[in-house]
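J.: build me a structure from this.
(2 chains)
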Amino acid sequence: MIEILTAILSGSVVLATPILFSALGEIYDERAGVLNLGIEATMSLTAFVSLWISYSSGSYLVGTLAAILVGGLVALIHSFACVTIGINQLISGLLILTLADGIANFSYRNLSASTTLIIEPLKAINIPVLSQIPVLGPILFQHNIFVYLAFLFAIILGYILYKTTWGLKIRGVGENPEACDAAGMNVNRIRHLCVILSGVMAGLGGASLTLGYIGLYDRGIAAGRGWIAIIVVIFSRWSPYRAILGSLIFGIGYSVASNLIGIGAGTSYHFLLMLPYIIAIIVISFTFKRTKGPSALTVPYKRK
Amino acid sequence: MEMRFEKYIAYPIGLLVALLIFSAILLVMGFNPISSLETIFYGSFGTIFSASETFVRVTPLLLSALAFLIGFKARFLNVGVEGQLHMGALTAYLVASQMEGLPGGSSVPLIALASFIGGVAWLAIPLLLKIKLEINEIFPTVAMNFIAMLIISWLCTGPIKDPNALNPQTKTIPEATWLPLLIPRTRLHVGIIFAFFLAFLMYLILYKTVLGYEIRAVGLSSKAAKHGGINLSKNIISAGLLSGGLAGLAGMAEVAGTNHFLIVGFSPGFGYQGIAIAALGGFHPIGVLFASIFFSVLLIGGETMQRGVGVPIDMIYILQAVLVLSVLIVQRWITVRR
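T.: All right, here's what the predicted structure looks like:
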């Protein structure tokens, strides 16, 4: 029993990682006043890119950097469309979804005709001493580098958002762009940077999925994680710190599902796979009412 | 009138941008863009059969786009059309499969009602959350999509699977419940006529009735509408019911019209394509009608291109996204610059 529980909890930390990366980027993006609904497909695309480049270059680092680059570029299209030009952010995000998924599957089909893209997922790095603690060690301190990075990023990005001038500017631009403009800030430049950051972080999320966990690509590999990440943003009330808790809740959902499928639990696996989405609807129902997002979210800014 | 011109000039520009990117990608990947385009055109209109297939595909696309459109007008972003379409297909199948021995044609209204209810039921939770708790509809509707697809794949691999079929699919529904064909020896069924009629009806509702006026007022500015004495909840519910119902009917078209059974993956993302189609059609029912025909040409032609030239169909999705994004960007850019 204790082994299964340890496996489930350790798995939930691993499965929370891609969600956490993407949620962190989306928090910055939304704090600055832009909603990026394209995260789901950006994760699928960068999951593919990181796999492909790691496979062909032999370096996981190069693969990860490529995923970051591609994630940023996809986000750049979104920020050009809705920050520079000012088209509807929701529609733009939904179109980015089709675009990024299309690119990922198109490239994969072209490539898979000649090669079988499979890599060994990254090995766990055991933290000295800490990883030896019974139960807690395997759950928290025996993971691949992406897992540690995600949690480190949550703390760093939380610090930047709340304790630095940059963070203040980002929050200001999402709450009251007119005042920020009057104070001499370049509203749209800050927004562009935050949108690109959301793509970059989704790129890390995608890379952590293939390089850190699955090791291969399939159509729709993000499997709802991008959407879950945006729900985590709302659950965490736009705080990078609380996003850790939020992604862990969904990590547990995914982990329970995959572990129970793994040991062949009696119920049909379809119902286990529904678990994260059912959690999502419950979570939204209980947190939405009390939360209010950044005031200028989804409102384009135009200088008078 | 000048505004009109500027709205329309964006279409050729957007198409040009999309075709340039399309050609560039194909050239880089070592395909011939000209022959690919020829294949798309021939594959969608070259023969009577291919043209009929194009119009078979228009039905679910148009209904999905109309479903998104009516919600969008009331500022209710129903991203869950895909899930509602799956549920409409399921209820249509369940009702139709019980109708052995009924006289031909009499079953159609009942199946339509069932699929309408199926679609609405799948929107009920997000709609309730929106009305009662002011919860943004985007995320609940998306979550319901995933759940709907899992339910369909559970049912089609288990409880209602045809034991003799290799694929995860159900038995064929009784022949009396099939939608009548328009052209013999094709799959073109009367659904397309209903879809066109519904597009026209949607135009009348939106622009010629009080309900449509109120829905549009809510969408333009909920504050102003409320101030003007318009009941927000009532109009969002009306738009939501129509939206979920139309999505359900799109599912029925596939089960009772095109395939005559339910199969996992019967929808290659109709619900999501409906969003792009609604945007391309300028969120106007008649524009959406033309946009759905154009999307269908690309999709059916794209399938021929995949079989014939070997260019993956995903290239078509890229083309569609680039096209709609470019059109929206150019339209917006021109209006802002004035």
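J.: all strands of the stretch 1-150 of chain A, in order?
T.: A:125-126, A:142-143 (DSSP state E, counting those that start in this stretch).
J.: run through who's touching the last one.
T.: With CB atoms under 8 Å, 6 or more residues apart in numbering or on different chains as the test, strand A:142-143 has contacts from A:10, A:13-14, A:124-127, A:131. In short, each C-beta sits where N, CA and C put it, glycine included.
J.: return the closest of the residues you listed with respect to residue B:176.
T.: residue A:14 (53.3 Å; CB to CB).
J.: tell me how far the closest one lies from chain B.
T.: Distance from residue A:14 to chain B, counting by CB to the nearest CB, to the nearest Å: 21 Å.
J.: okay, now that residue: neighbour count?
T.: Counted with other CB atoms under 10 Å in any protein chain shown, residues neighbouring residue A:14 total 21.
J.: wait, it touches residue A:212, no?
T.: Yes: using CB atoms under 8 Å, residue A:14 is in contact with residue A:212, at 7.3 Å.
J.: residue A:283 belongs to a strand, doesn't it?
T.: No: under DSSP: H, G, I helix; E, B strand; the rest coil, residue A:283 sits outside any strand and is assigned helix.
J.: return the residues in contact with the closest residue to it other than its chain neighbours.
T.: Among residues not flanking residue A:283 along the chain, residue A:235 sits closest, at 5.3 Å (CB to CB, 6 or more residues apart in numbering or on different chains). Counting by CB under 8 Å, 6+ apart, residue A:235 touches A:242, A:246, A:249, A:283-284, A:287.
J.: now swap in residue B:249 and tell me
T.: Taking CB under 8 Å, 6+ apart, one finds B:63, B:88, B:112, B:115-116, B:119, B:194, B:198 in contact with residue B:249.
J.: show me how to select, in PyMOL, the buried members of the residues you listed.
T.: Here is the PyMOL command that picks out the buried ones among these, judged by 16 or more other CB atoms under 10 Å in any protein chain shown:
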select buried, chain B and resi 63+88+112+115+116+119+194+198
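J.: so which of the contacts of residue B:249 are in helices?
T.: Judged by DSSP state H, the contacts of residue B:249 include B:63, B:88, B:112, B:115-116, B:119, B:194, B:198 as members of helices.
J.: which two of those residues have the greatest separation?
T.: B:119 and B:194 (14.9 Å).
J.: burial check on residue B:109, number of neighbours?
T.: With other CB under 10 Å as criterion, residue B:109 counts 9.
J.: pLDDT at it, what is it?
T.: Looking at residue B:109, its pLDDT reads 90.
J.: briefly note if the helix or strand encompassing it comes near chain A.
T.: Following DSSP states H and E, one finds residue B:109 within helix B:108-133. Yes: contact of helix B:108-133 with chain A (CB under 8 Å from any CB of the partner chain) involves B:125, B:129, B:133.
J.: rewinding a little: tell me the two of the contacts of residue A:235 that are most distant?
T.: For the contacts of residue A:235, and using CB to CB, no pair is farther apart than A:242 and A:284, which are 15.0 Å apart.
J.: comparing the two, which residue is more hemmed in?
T.: A direct count of neighbours by other CB under 10 Å for residue A:242 and residue A:284 places residue A:284 higher, at 23 against 18.
J.: elements contacting the lengthiest helix in chain A?
T.: Secondary structure of chain A per DSSP H: the longest helix is helix A:2-31. Helix A:2-31 makes packing contacts with helix A:39-57, helix A:136-140, strand A:142-143, helix A:145-163, helix A:165-175, helix A:187-209, helix A:225-235, helix A:240-262 when contacts are defined by 3 or more CB pairs under 8 Å, 6 or more residues apart in numbering or on different chains; DSSP states H and E.
J.: among those, which is nearest residue B:182?
T.: Per CB to CB, nearest to residue B:182 of the helices and strands packed on helix A:2-31: helix A:39-57, 36.6 Å.
J.: buried set for the closest one?
T.: By 16+ other CB under 10 Å, the buried positions in helix A:39-57 come out as A:39-55.
J.: avg pLDDT for stretch B:201-209?
T.: Rounded mean pLDDT across stretch B:201-209 is 95.
J.: contacts for it next, please.
T.: With CB under 8 Å, 6+ apart, stretch B:201-209 has contacts from B:66, B:69-70, B:73, B:211-212, B:215-216, B:242, B:284-286.
J.: do the same with stretch A:144-152
T.: A:13-14, A:16-17, A:20-21, A:24, A:121-125, A:204, A:207-208, A:211-212, A:244.
J.: buried residues, that stretch. List them.
T.: So, applying 16+ other CB under 10 Å, buried residues of stretch A:144-152: A:144-147, A:149-151.
J.: so which strand or helix has the residue in the stretch 151-300 of chain B positioned nearest to chain A?
T.: Closest to chain A within the stretch 151-300 of chain B is residue B:154: 3.7 Å, counting by CB to the nearest CB. Per DSSP H and E: residue B:154 is located in helix B:138-157.
J.: likewise for residue B:287?
T.: Assigned by DSSP H and E, residue B:287 falls in helix B:285-308.
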